[in-house]
Every structure is written in structure tokens, then in C-alpha cells.
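Q: can't give you the sequence, but here's the structure:
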């Protein structure tokens with residue numbers, strides 16, 4: 001009995017000691033977890049409030065203060081001005097022969113209830129991205145589904161190495177658009193391209209005519225052949241030397257060479273572009289343009305491969321436009337103050353005598369016709385799309401003899417007789 005009593009005492013003591021140790025360990029674990037969580041919480045709190053400061057330090061050690069994250073943030077800020085439901089996503093497409101995938105940054109707006117409306121697809125120009133359609137998206141998506149994409153090599157899309165051969169580089173871009181279409185699931189659409197996007201839109205329509213129901217070319221680059229008069233001009237030796245020295249460099253190499261001073265170059269060298277987007281904060285537009293073009297110059301290199309001296313296309317589209325199926329309507333939209341030669345539209349009309357070709361001019365607009373006079377541009381494009389859906393596009397190349405002016409009071413167009421050209425002019 002005595003032995004059992006003593007044994008119970010030791011067991012109770014051991015149990016109490018064990019319980020005491022467990023409580024101590026539990027309390028210790030609790031405080032360790034609490035202190036650790038507090039530390040992480042404090043760090044997170046500190047990081048949250050010093051994120052911009054840390055980013056500035058990181059950018060200081062990087063010659064070009066840019067990154068994919070900075071571009072993503074710049075895009076987010078510019079789309080904060082879009083007050084209509086929309087979807088921004090990455091569409092994955094097949095890449096190179098080694099099984100690598102590419103991603104295409106894509107915008108989708110589908111608030112239209114009319115299921116019969118033909119979707120509209122937008123292709124931006126050189127040194128641009130989907131964000132610069134910001135002044136057009138609401139109006140153009142009112143009556144139809146709208147899609148826009150960062151062309152491969154630009155914006156937030158993948159930036160692969162393109163071929164230095166002009167034809168192959170063009171094919172690579174066109175095929176990426178087709179791969180994107182397959183992944184999106186679009187069967188047919190109206191295709192609108194600006195500048196380089198217009199060149200690629202025409203090339204795409206030639207190769208995949210069954211997908212394009214109407215081709216809208218806004219101040220398209222790359223159509224005419226080099227002007228013979230330019231070749232005859234005697235260029236000074238010093239100019240030839242400079243051109244030779246700059247030949248290895250990409251068009252926007254200077255922006256990246258400027259390093260930390262690059263972000264200030266956009267508003268100083270091209271304030272006119274920033275002013276086009278007056279409703280937006282100028283810094284938002286400037287930062288977006290900078291980060292689009294300070295990244296790896298992938299699409300820029302492809303454009304350089306497709307470009308000859310003085311900005312002419314190595315493979316002019318006018319030489320190939322006759323290959324486009326006759327039943328695909330084409331509408332050219334030019335800015336009256338643009339450096340792009342609008343005579344390409346007339347030449348296209350002559351080459352496609354049995355097809356619908358229409359040329360429209362927006363008075364006071366430059367090369368960035370979609371941003372110079374967005375209200376006029378938007379109404380014009382909406383009218384083109386509506387006419388297509390209503391089967392009003394005649395299958396004959398039209399010669400317009402009316403001059404159209406925008407009536408600011410009621411936002412309608414009124415025609416006046418007397419225009420001597422085959423263009424519709426919008427004031």
C-alpha cells in the first residue's frame with residue numbers, strides 16, 4: 001500500500017510536471033506564432049506603404065526604369081477610365097517549334113444584346129497597345145462585341161525573337177493573330193487596323209479571307225511603293241553616313257538609351273500625342289506609352305525588318321491587294337493632316353474595280369485619326385459596321401461625289417454637293 005501510494009505520488013507529480021511543461025510549451029508556441037505573425041504583419045504593413053519607395057530603389061539600379069509589372073500597372077491605370085464592363089486576359093497561343101507558348105494580351109467587351117451583330121476586332125499601330133483605344137471602346141462596343149489585342153511583340157503580349165526577313169516576320173505576326181482568333185473562338189468579324197495594324201489586317205485578310213467580313217484600314221502604313229522622286233534626290237554624304245551608322249539600331253532605341261530620363265522624353269518630344277487624350281491624366285498616357293516601348297524591342301525589331309529606308313515597306317501592300325477576295329469590302333479612313341499618302345486608297349479602288357472600296361477623310365485629323373477626332377471616328381466606324389450588318393455595302397467600287405460634314409448640333413452628317421474627289425470628307 002505504501003509503495004502504491006508513493007508510486008501514485010510520483011505519477012501525479014510527473015503528470016503535473018508534464019502538464020506544466022505542455023502549458024509552457026503551448027504558451028511559448030503561441031507567443032512565437034504571435035510574434036512571427038506580428039512580424040510578418042508589420043513587414044506587410046511596412047511594405048504596403050513603402051512599395052513605391054522600394055520600386056524606386058529597384059528602378060534606380062535598372063538602367064531603364066521599366067518592367068512587365070510596371071507595364072501592367074500602367075495598363076491598369078489607363079483602363080480605370082473605361083466605365084463599361086470589360087475583360088482583360090491573356091490568351092495563350094502556340095509559339096515556336098520547341099513547344100513554347102506565347103501569350104496575347106486581349107480585351108473583350110460584350111455588352112450587346114443583338115446576337116446578329118458582327119464582332120469588331122481592333123489592331124493597334126506601331127509603338128502602341130490596346131490601351132490607346134481608350135477613347136473609342138465605349139462607342140464602338142455599343143452595338144456589337146468588341147475585341148482588341150496587343151499584337152505579338154507589343155504591349156503585354158509575349159516578345160519573341162522575330163525573323164530578320166521581312167516576309168517571314170510578317171507571316172509570324174499574321175499567324176499569331178490567327179492563333180489568337182482560334183483560341184477566342186471567333187468565326188468571322190470586321191477587322192479594323194491602324195497604321196502597322198492596317199498593314200497586318202490587310203495581310204491577314206488576304207490569307208484568311210473567310211474570316212474577314214469587312215476590312216477597315218485607318219491611315220494604314222506600308223501600302224505604297226517608294227516614291228521615285230525621293231530616290232532622285234541627292235542626299236548629302238553626311239546624311240548618308242548618319243543613316244548608315246543608325247541602321248543597326250531599332251527605331252525607338254533612343255528611348256531605352258536615355259535610361260532613367262526616358263519617361264520624361266515622351267511628354268517633351270511628343271506632347272501632341274499626350275494632348276490627344278485630354279480626358280485622361282497626361283502622366284497615365286505618357287507612362288503607358290513609355291512602358292510599352294521600353295521593354296524588349298521585339299515587335300519593334302520585326303517592324304524594322306519589314307521597313308526599308310525612309311520608312312517604306314519592303315513588301316508594299318499595293319502589290320498584293322489584288323490577291324484579296326473580291327467580295328471583301330474595304331473602307332479606308334484617312335486623316336487630312338496625316339503624313340500617310342491617301343492616294344493608296346484610290347489606287348486600291350482602281351485595282352479592285354469590281355469590289356467595294358470606299359475612301360473617307362476626317363478633316364483636321366493626323367495620323368492618329370482615332371484619337372485626333374474620336375467622336376467623328378467612332379461614329380464613322382459605327383456607321384460602317386451597321387451598314388455591313390444591314391447589307392448596305394454595294395459590291396461595286398464606289399466613287400463618292402458628296403462632301404460630308406458633321407453637324408455639331410444634332411450629331412448627324414449632312415451632305416453638300418461639289419466634292420471633286422472620290423473621297424468622303426468628314427469635318
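A: Arrived safely, thanks for sending. Small disclaimer: the values here were computed from a predicted structure and weren't measured.
Q: got a list of contacts for stretch 192-205?
A: The contact list for stretch 192-205, computed with Cβ atoms under 8 Å, 6 or more residues apart in numbering, reads 120-126, 128, 151, 170, 173-174, 177-178, 191, 211-212, 215-223, 303, 313, 317, 320-321, 324, 328, 340, 367-370, 381. (Each C-beta comes from the backbone N, C-alpha and C, glycine too.)
Q: so what's the residue lying closest to residue 94 once chain neighbours are set aside up against?
A: Spatial nearest neighbour of residue 94, chain neighbours left out: residue 179 (5.8 Å); criterion: Cβ to Cβ, 6 or more residues apart in numbering. Going by Cβ under 8 Å, 6+ apart, residue 179 touches 93-94, 104.
Q: Buried ones from those, can you make that a ChimeraX selection?
A: For anyone working in ChimeraX, the buried entries among those, judged by 16 or more other Cβ atoms under 10 Å, can be selected with:
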select :93,104
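Q: mind listing the strands in the chain by residue range?
A: For the chain, the strands defined by DSSP state E occupy 87-94, 101-109, 120-123, 146-149, 189-194, 212-218, 330-335, 357-362, 402-407, 412-417, 424-426.
Q: Output those as CSV; include the columns distance to residue 137 and mean pLDDT.
A: Converted to CSV, the strands of the chain look like this (distance: least, Cβ to Cβ, whole Å; pLDDT from 0 to 100):
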stretch, distance to residue 137, mean pLDDT
strand 87-94, 12, 98
strand 101-109, 6, 98
strand 120-123, 9, 99
strand 146-149, 7, 99
strand 189-194, 12, 99
strand 212-218, 15, 98
strand 330-335, 17, 98
strand 357-362, 18, 97
strand 402-407, 21, 35
strand 412-417, 22, 35
strand 424-426, 20, 66
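Q: and of these, who's closest to residue 139?
A: Closest to residue 139 of those is strand 146-149 (Cβ to Cβ; 9.8 Å).
Q: follow-up on the earlier one: can you put the strands of the chain in a markdown table and add distance to residue 140?
A: Formatted as a markdown table, those follow (distance: least, Cβ to Cβ, whole Å):
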| stretch | distance to residue 140 |
| --- | --- |
| strand 87-94 | 16 |
| strand 101-109 | 8 |
| strand 120-123 | 6 |
| strand 146-149 | 6 |
| strand 189-194 | 8 |
| strand 212-218 | 11 |
| strand 330-335 | 13 |
| strand 357-362 | 15 |
| strand 402-407 | 17 |
| strand 412-417 | 18 |
| strand 424-426 | 16 |
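Q: Looking at these, which is nearest to residue 390?
A: Of those, nearest to residue 390 by Cβ to Cβ is strand 212-218, at 12.0 Å.
Q: Run me through the strand neighbours of that closest one, direction for each.
A: When pairs are called by DSSP bridges, strand 212-218 turns out to pair with strand 189-194 (parallel), strand 330-335 (parallel).
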